[in-house]
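Novice: got a predicted model here, sequence first, then my questions.
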Amino acid sequence: MLLNYIKIAWKVLLRHPFYTFITLFGISLTLTVLMVLTSFLDHLFGTHYPETRRDRSLYIMQMIQRDTAQSGRSTGPMSFRFLTDFVKTLKTPERVTICTMYNTSNAYVGSQKIKLNTKYTDADFWRIMEFEFLEGKPYNEQNITNGENVVVINDDLKKQYFDHPDEPVVGKTIDIENINYRVIGVIKGSPVTRPFTYADVYFPYTAPKSNYQQSGMRGRFVSIILAKQKSDIPAIQEEFQSRIGRIPLPGIQDGWKYNALEVKAEPYAQNFLGTILDGGPGLRTIFFGIIFFILFMLLGLPALNLVNVNVSRIMERASEIGIRKAFGAPIRTLVWQFIVENIFITFIGGAIALILTLIMIQLINHSGWIAYADLTINFNVFAVSMLVCLIFGLLSGVAPAFRMSKLSIAEALKS
Amino acid sequence: MITLTNIEKVYRTSSIETLALNNINLNIRKGEFVSIMGPSGCGKSTLLNIMGLLDEPSQGTVELDGQRVASYRDKELAHLRNQKIGFIFQSFHLINDLSVVDNVEIPLLYRSTNGKPRQTYAKEALEKVGLSNRIKHFPKQLSGGQKQRVAIARAIVGNPEIILADEPTGNLDSAMGNEIMNILQGLNSEGATIVMVTHDESMAKRTHRLIRLFDGTQVQ
């Protein structure tokens, strides 16, 4: 039966090449946009280099201090000391790193200024993240304790800063903000879209200007917790929250009294969207409204357009519908037939879209629009793309199928 | 086998009401070969459509094998058509995108017949109408007579008890028409009940009984 439907769908496609071209063009273009978007979302939220353990990691990005009496609120990263006392000492995780998000700095090659993105980390940062070292090695606790001015740089900075980028640079010095640092390792860079790991230069947290000795709760550091296994995540969150719960309140920060303190250890996507999702019903409505609108524009409008094309194409087949009904096809079976046919056509469009997507993401990866972009079509992206094809096929196939299946047999046979 | 009682069919548009059938009472017995004649527009095809459960009467009852079908839902009507009735149309109504054998298989698609046996039955039906050498052809590659034979094969592939033929020889020359008529008579002699709409007196004379319609009313 299925083969019969597909045979018919194929023949119908061949019947009017121009219409087929228009239909497939519309489907493939829509699906390409959706597949590239899916690939980009996977790039943002998936588990990729160098955060290859993101699926069993928790991120602590900010602390919220609230003054409930005056409805005041202060939000931002934390101090190294706070994270050392309350996160580094957790019992349940496999490992914890404390680092900063990236900041900007400058280096000079002769008179030419190079803008740099810098990051301060501890030694565990290199154990939790799986960076590929092209040269040398990461700094360790010994380098940090000794207060050595060492740095790890990425391959892009190596190319920009050093005269002979083909030669090893480990042991050479780099001048950043008038301080000389010895290069200890060169890594393959992390994409700019992964702010917890992206930087051009990585300093030990004891390096100048890190402010790691800052007192109080707030500072410029964040933390990533690596669980031994995914299933440990709730236990880690519970242990962390119980510690936060024991912090005496009210507290004073820079002369400001706060009554409530909120710090969350969350999986990456939740942490990323946390600001929006925690922002109250108004913000949530706007966020989901925008998402719905984008999806409608990307999926709904082309589907509606395809519904019209499909209706006119199915009208040509009134006689076939009449015959099938006369020989015993119930409405439900006919609806199913047209949906299967439409899904088959959508999947042809999906296959074309997959090829176009591959081309598009290669262009994005090599264009330099996103530093170190590594968009891919992995299993997740492929599965979501197939699901999108299916939804698109259903959206654009159901309405015409119902309309035609309800056609009176006698009328259909007259056409 | 088929009993029609007080059948009336009215076609309504916003401005006009047309009485297509008026007070038709008919009983088609098992194994009969009945022809329906009448001038164009007298309601012959409408009557055949009502007998074949392709259309509903505005009034009156249709009984198939003693069962009233008025309360039947789409699924039940489809099942009844599939099991009991085979249709032959003047303009063949073959699906041009499907091969001859795929066309003949259509009624079996809506039964729980698997692919292989389905093809075997379709080939047997085509053999019966003398077209076993054309199974891979497409309708466009066949003559009118051959197309009608494919349509007959499609009508009989599921061994229905009733065959309803709407001017099966209308689009064919007399020689080909005779050939089709011979096939229908052969099927009737094997036990099929056949109701045939025709304009051709000579064809009608070859059936057991003739029903004449005029302006939607049975006159014979």
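Specialist: Now that the structure is in, tell me what you want to look at. What you are looking at is a predicted structure, and each value in this text was computed from that prediction instead of being measured.

Novice: thought residue B:193 was touching residue B:27?
Specialist: No: checked against Cβ atoms under 8 Å, the pair residue B:193 and residue B:27 is beyond contact range at 11.5 Å. The C-beta positions use only the backbone N, C-alpha and C, and glycine is treated the same way.

Novice: compare those two (neighbour count), which wins?
Specialist: When neighbours are counted by other Cβ atoms under 10 Å in any protein chain shown, residue B:193 and residue B:27 differ, and residue B:193 comes out ahead with 22 against 12.

Novice: mind listing what that one touches?
Specialist: Contact partners of residue B:193, counting by Cβ atoms under 8 Å, 6 or more residues apart in numbering or on different chains, are B:1, B:2, B:28, B:29, B:30, B:31, B:32, B:33, B:161, B:162, B:163.

Novice: any idea how far it lies from chain A?
Specialist: 17 Å (Cβ to the nearest Cβ, to the nearest Å).

Novice: and that residue, bridged to which residues?
Specialist: residue B:162 (DSSP bridges).

Novice: so for it, what's the pLDDT?
Specialist: pLDDT, residue B:193: 95.

Novice: now for the helix ranked longest in chain B, which elements pack on it?
Specialist: Among the segments of chain B that qualify as a helix by DSSP state H, the longest is helix B:174-189. Here helix B:174-189 touches strand B:33-37, helix B:144-156, strand B:162-166, strand B:193-197, going by 3 or more Cβ pairs under 8 Å, 6 or more residues apart in numbering or on different chains; DSSP states H and E.

Novice: what's the closest of these to residue A:288?
Specialist: Among these, the nearest to residue A:288 by Cβ to Cβ is helix B:144-156 (53.1 Å).

Novice: where does the stretch 51-200 of chain A have low pLDDT?
Specialist: For the stretch 51-200 of chain A, the stretches with pLDDT under 70 are A:70.

Novice: so where do the helices sit in it?
Specialist: For the stretch 51-200 of chain A, the helices defined by DSSP state H, counting those that start in this stretch occupy A:80-86, A:124-128, A:141-145, A:155-161.

Novice: save these as CSV, and put in distance to residue A:63 and mean neighbour count too.
Specialist: CSV is the format used below for these (distance: least, Cβ to Cβ, whole Å; neighbours: other Cβ atoms under 10 Å in any protein chain shown):
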stretch, distance to residue A:63, mean neighbour count
helix A:80-86, 8, 20
helix A:124-128, 20, 21
helix A:141-145, 24, 13
helix A:155-161, 31, 18
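
Novice: does the residue in chain B positioned nearest to chain A count as helix, strand or coil?
Specialist: Of all residues in chain B, the one sitting closest to chain A is residue B:82 (2.4 Å; Cβ to the nearest Cβ). Secondary structure state of residue B:82, per DSSP: H, G, I helix; E, B strand; the rest coil, is helix.

Novice: what about the residue nearest to it when sequence neighbours are not counted, how many neighbours?
Specialist: What sits nearest to residue B:82 in space, not counting adjacent residues and going by Cβ to Cβ, 6 or more residues apart in numbering or on different chains, is residue A:328, at 2.4 Å. Counted with other Cβ under 10 Å, the neighbours of residue A:328 add up to 24.

Novice: list the contacts of residue 65.
Specialist: Since no chain was named, I'll use chain A. Residue A:65 neighbours (Cβ under 8 Å, 6+ apart): A:73, A:74, A:75, A:217, A:218, A:251, A:253, A:256, A:258, A:260, A:261, A:262.

Novice: sorry, I should have been clearer: chain B.
Specialist: B:1, B:84.

Novice: could you measure from the closest residue to chain B within the stretch 201-350 of chain A over to residue B:103?
Specialist: Minimum separation of the stretch 201-350 of chain A from chain B (Cβ to the nearest Cβ) falls at residue A:328, amounting to 2.4 Å. Residue A:328 sits 15 Å away from residue B:103, going by Cβ to Cβ, to the nearest Å.

Novice: again, but for residue B:92
Specialist: Taken as Cβ to Cβ, the span from residue B:92 to residue B:103 is 9 Å.

Novice: so between those two, which is more surrounded?
Specialist: More crowded of residue B:92 and residue B:103, by other Cβ under 10 Å: residue B:103, with 26 against 22.

Novice: any idea which helix or strand carries residue B:191?
Specialist: If you go by DSSP states H and E, residue B:191 is not part of any helix or strand.

Novice: that one - nearest residue in space that isn't next to it in sequence?
Specialist: Spatially, and ignoring its direct neighbours in sequence, residue B:191 is nearest to residue B:31 (6.1 Å; Cβ to Cβ, 6+ apart).

Novice: contacting residues around that neighbour?
Specialist: Applying Cβ under 8 Å, 6+ apart, the residues near residue B:31 are B:188, B:191, B:192, B:193.

Novice: which SS class is it?
Specialist: coil.

Novice: local confidence estimate at it?
Specialist: 93.

Novice: and if you look at residue A:415?
Specialist: pLDDT at residue A:415 comes out at 68.

Novice: show me the contacts for the residue of the stretch 51-200 of chain A at minimum distance from chain B.
Specialist: Nearest residue of the stretch 51-200 of chain A to chain B, counting by Cβ to the nearest Cβ: residue A:55, 44.4 Å away. The contact partners of residue A:55, by Cβ under 8 Å, 6+ apart, come to A:47, A:230.

Novice: repeat for residue A:90
Specialist: A:96, A:225, A:236, A:239, A:240, A:243.

Novice: next step: these restricted to strands.
Specialist: Using DSSP state E, the subset of the contacts of residue A:90 located in strands is A:96, A:225.
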